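Undergrad: predicted model follows, preceded by the sequence.
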Amino acid sequence: MASKAQRMPRSLRTATNLFVLTWLILAAFPFLWTLWGSFKIEADFFSIANWTDALTGDKTQAIHGSRFTDAGYQGAWVQEEFWRAAINTLIVCFFVVCTSLTIGTLGGYALSRSSYRYTFWLLITALIFRAMPPITLVSGYLLPFFEWNLWGILPTTIIVLVAINQPFTLWMLHSFFQNIPKELDESAKVDGCTQFQAFRRVIIPVMWPGVITTGLFSFLLAYNDFAVTTMLLAKENQTMVPKIASFLGTTQTEGNVMFAVAAVVSATVPLFILVMFFQRQIVSGLTAGAVKG
Amino acid sequence: MAEIQLRNLSKRWGSFVGVDNFDLIIADREFLVLLGPSGCGKTTTMRMIAGLEDATEGDILIGGSRVNDMEPKDRDVSMVFQSYALYPNMNVYENIRFPLKVRGIDPKTHDEKVRRASAMVELDDFLHRKPAELSGGQRQRVALARAIVREPNVFLMDEPLSNLDAKLRVSTRAQIKNLSHELAVTTIYVTHDQIEAMTLADRVVVMKQGLVQQVGTPTEIYDRPANAFVASFIGNPAMNLVDGQMSGGKFEAEYTAIEGLQAPDGAVTLGFRAEDASVVESGGQINGPIYTMELLGEATMVSVRVGGALVSVKADKNYRAEIGETVSIHVPTDHCHLFDAKTGERVGG
């Protein structure tokens, strides 16, 4: 129980609660608005005459006989084959996360345990590459990719995304590994492990929250990337984000904007679920990296 | 059988010398303590034996075979770390079992071995706890159990008691002594605490700045320190050290004149222990004003300032005097140590 002195005055408590509530509404409103609107037709959601049409859905009622319609989802997923983009995103994310984490854990571990001074310069170089906008890399890649006939396919994009993501993974995992005392490796080695066994059986289990956190960040980068995927993927190989952009880019066609809205909602929901699911690991991972040491 | 031989062992990082020309044979089943202040190279020596640090020069032989180029896992040593280094994701049982598991020892024997090891350190009731749920003393015992579970040739202990509180340290010290006796395994124990060294060791190696100062049994080191450093490092209170001049068998310093000593003429440092000297009515070899008096309970410590150094003597517990009063101290010549004033080496006594 909080003592009387520690308890906040009623007015202050109301004020803070109100502030949090306002902030929550402000932050959540765009998402909720999009979710709501995704079940309307364009004439309602993008109504020029009256914005309340988006709330009432009169025109949706007139055309589809209900105030809500799944026409946007139908159009995006079935007619425009958004599911292909979803599968492509899944493939890209899976391979980007796996590759980044494999190289990142091995490299981060090696750098954190190395006593040579060049490790510092390696990390600084990595940081410089991370600081560059991804598009600068992509413009350089385009010509060779065309020449070698590598443009437009998923593996190329995966490799480029890994290259962009790797410095960050390396940094993050390196700092996680540095917080794990060296005695743990040494103890494992005396107990009978090779260096790699010590890494796999002792260090990685301790590192798990850090690996999950880093993996999630890599996933989000691959999932949300626009610059690389839009430049490097042919139309039939597009992932979700460039696909949504292409829906928006062709507003002449009736209903295409609503496809985009429906697709946006479809792309956002998995992220919510993912973050909810991993939130405990993320929090423990982030604090472990930041505070301990 | 695990006799350990260190032959001219050296460790250097650039121009910094960690361990310099360490030469020693550690007998099978011996309990050897490496003792010295921090940075003296004692832990480095142990880490070289474990294989966690490469030797710059020299050879390490365990059981007659050279192990310099062997991985730690192939040396058949086990080690207790200062920080215990328990695996935080495993419970106590799995921690103790880990060495058996990675070494591919028959899984059927694991349970019995783990239980025997945990019983030896009285951990039976905590086998299912995670290290985070244990007290410092319990963690320390898990580390011990993990070290003894696979019955290695050599035990290495790196300041295993330094993270425990004073009371627990005494009881764990006794437990380690008993354990080493029971297991009869060659043990190397690193500490900066001279009491631990005296109580545990068969032999003590005193080190300073990478150099071995003296090797001997605790009694030898206590009774016949090889140089002024060992003399000042071993014993509590530290040995009294007085700078003075030797001429014709007579030592002279401020308030001090001791005859009948055997050492060459010149500048020397006289050393004697507080408990060997005594306060007398008159006719002692040191006659000076009392600098301070400390009541210890079982004795009274009387101190005199002689030539800048504090000389303490244990007097009877009922002895009382005023500060500044002249006191006469008798120093038996057979308990005097004489060291060269420059090099600190023993020259007589």
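TA: Right, received. Where do you want to start?

Undergrad: need the residues of the stretch 101-250 of chain A near chain B, please.
TA: Of all the residues in the stretch 101-250 of chain A, those in contact range of chain B (Cβ under 8 Å from any Cβ of the partner chain) are A:181, A:183-184, A:186-194, A:197, A:201-202, A:205-206, A:208. Every residue, glycine included, has its C-beta placed from N, CA and C.

Undergrad: report the residue ranges of every domain in the chain.
TA: As the question left the chain open, I've gone with chain A. The record's domain split for chain A, according to automatic domain parsing, is A:36-69, A:83-290.

Undergrad: should've been chain B
TA: According to automatic domain parsing, the ranges for chain B are B:4-227, B:237-348.

Undergrad: and among those, the most buried is which?
TA: domain B:4-227 (a mean of 19; mean count of other Cβ atoms under 10 Å in any protein chain shown).

Undergrad: how about the helices in the stretch 151-293 of chain A?
TA: A:154-178, A:182-191, A:195-197, A:204-224, A:227-232, A:240-249, A:256-290 (DSSP state H, counting those that start in this stretch).

Undergrad: turn the ones you listed into JSON lines, including mean pLDDT and mean neighbour count.
TA: Below are the helices of the stretch 151-293 of chain A laid out as JSON lines (pLDDT from 0 to 100; neighbours: other Cβ atoms under 10 Å in any protein chain shown):
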{"stretch": "helix A:154-178", "mean pLDDT": "92", "mean neighbour count": "21"}
{"stretch": "helix A:182-191", "mean pLDDT": "93", "mean neighbour count": "23"}
{"stretch": "helix A:195-197", "mean pLDDT": "93", "mean neighbour count": "14"}
{"stretch": "helix A:204-224", "mean pLDDT": "90", "mean neighbour count": "20"}
{"stretch": "helix A:227-232", "mean pLDDT": "90", "mean neighbour count": "22"}
{"stretch": "helix A:240-249", "mean pLDDT": "88", "mean neighbour count": "20"}
{"stretch": "helix A:256-290", "mean pLDDT": "79", "mean neighbour count": "17"}
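
Undergrad: which stretch among the ones you listed comes nearest B:Pro99?
TA: helix A:182-191 (4.1 Å; Cβ to Cβ).

Undergrad: and the angle from that closest one to helix A:154-178?
TA: Using axes from the mean of the first three to the mean of the last three Cα atoms, to 10 degrees, the direction of helix A:182-191 lies 100 degrees away from that of helix A:154-178.

Undergrad: packing partners of helix A:182-191?
TA: helix A:195-197, strand B:77-80, helix B:92-102 (3 or more Cβ pairs under 8 Å, 6 or more residues apart in numbering or on different chains; DSSP states H and E).

Undergrad: show residues contacting the second one.
TA: When contacts are taken as Cβ atoms under 8 Å, 6 or more residues apart in numbering or on different chains, the neighbours of strand B:77-80 outside the stretch itself are A:186-187, A:190-191, B:46, B:49-51, B:62, B:99, B:140, B:143-144, B:146-148, B:150, B:152-158, B:160.

Undergrad: out of the domains of chain B, which is closest to A:Trp151?
TA: Nearest to A:Trp151 among the domains of chain B is domain B:4-227; the distance by Cβ to Cβ comes to 45.2 Å.

Undergrad: check the secondary structure at the residue of the stretch 1-150 of chain A found nearest chain B for me.
TA: Residue of the stretch 1-150 of chain A nearest chain B, by Cβ to the nearest Cβ: A:Ser115 (9.6 Å). The assignment at A:Ser115 comes out as coil when based on DSSP: H, G, I helix; E, B strand; the rest coil.

Undergrad: how many neighbouring residues does it have?
TA: 6 (other Cβ atoms under 10 Å in any protein chain shown).

Undergrad: grab the nearest non-local neighbour of the spatially most central residue of chain A.
TA: By Cα atoms, centre = their mean, chain A has its centre lying nearest to A:Leu220, at 1.5 Å. Among residues not flanking A:Leu220 along the chain, A:Leu271 sits closest, at 7.5 Å (Cβ to Cβ, 6 or more residues apart in numbering or on different chains).

Undergrad: pretty sure the one you found contacts A:Phe219?
TA: No: with contact defined as Cβ atoms under 8 Å, A:Leu271 does not reach A:Phe219; the gap is 9.2 Å.

Undergrad: who in the stretch 101-250 of chain B is up against chain A?
TA: Within reach of chain A by Cβ under 8 Å from any Cβ, the stretch 101-250 of chain B has these residues: B:102-103, B:146, B:156.

Undergrad: turn those into CSV, including pLDDT and distance to B:Tyr291.
TA: Shown next, in CSV, are those (pLDDT from 0 to 100; distance: Cβ to Cβ, whole Å):
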residue, pLDDT, distance to B:Tyr291
B:Val102, 94, 60
B:Arg103, 93, 61
B:Arg146, 95, 51
B:Leu156, 95, 44
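
Undergrad: out of the contacts of strand B:77-80, which sit inside helices?
TA: A:186-187, A:190-191, B:46, B:49-50, B:99, B:140, B:143-144, B:146-148 (DSSP state H).

Undergrad: what's the most distant pair in those?
TA: Longest span within these, Cβ to Cβ: B:Ile49 and B:Gln140, 21.2 Å.

Undergrad: dihedrals phi and psi, A:Met132?
TA: phi -70, psi 140 (degrees, to the nearest 10).

Undergrad: burial count for it?
TA: 11.

Undergrad: for residue 202, what are its contacts?
TA: Because you didn't say which chain, this covers chain A. Counting by Cβ under 8 Å, 6+ apart, A:Val202 has contacts A:184-185, A:187-188, A:193, B:87.

Undergrad: chain B is the one I meant
TA: So B:Asp202 contacts B:30-32, B:217 (Cβ under 8 Å, 6+ apart).

Undergrad: kindly reformat the residues you listed as CSV containing secondary structure and pLDDT.
TA: Shown next, in CSV, are the contacts of B:Asp202 (DSSP: H, G, I helix; E, B strand; the rest coil; pLDDT from 0 to 100):
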residue, secondary structure, pLDDT
B:Glu30, coil, 93
B:Phe31, strand, 95
B:Leu32, strand, 96
B:Thr217, coil, 96
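
Undergrad: what residue of chain B is the furthest out?
TA: B:Lys108 (40.1 Å).

Undergrad: from B:Arg29, how far off is the residue in the stretch 151-300 of chain B that chain A sits nearest to?
TA: The nearest approach of the stretch 151-300 of chain B to chain A comes at B:Leu156, 7.9 Å away (Cβ to the nearest Cβ). In this view, B:Leu156 and B:Arg29 are 15 Å apart by Cβ to Cβ, to the nearest Å.

Undergrad: next one: A:Phe177
TA: Distance, A:Phe177 to B:Arg29, using Cβ to Cβ: 39 Å.

Undergrad: now B:Phe22
TA: For B:Phe22 relative to B:Arg29 (Cβ to Cβ), the value is 21 Å.

Undergrad: same check, this time on A:Gln6
TA: Counting by Cβ to Cβ, the gap from A:Gln6 to B:Arg29 is 61 Å.

Undergrad: ok, now A:Thr157?
TA: For A:Thr157, the distance to B:Arg29 - Cβ to Cβ - is 65 Å.

Undergrad: many thanks, we can stop here.
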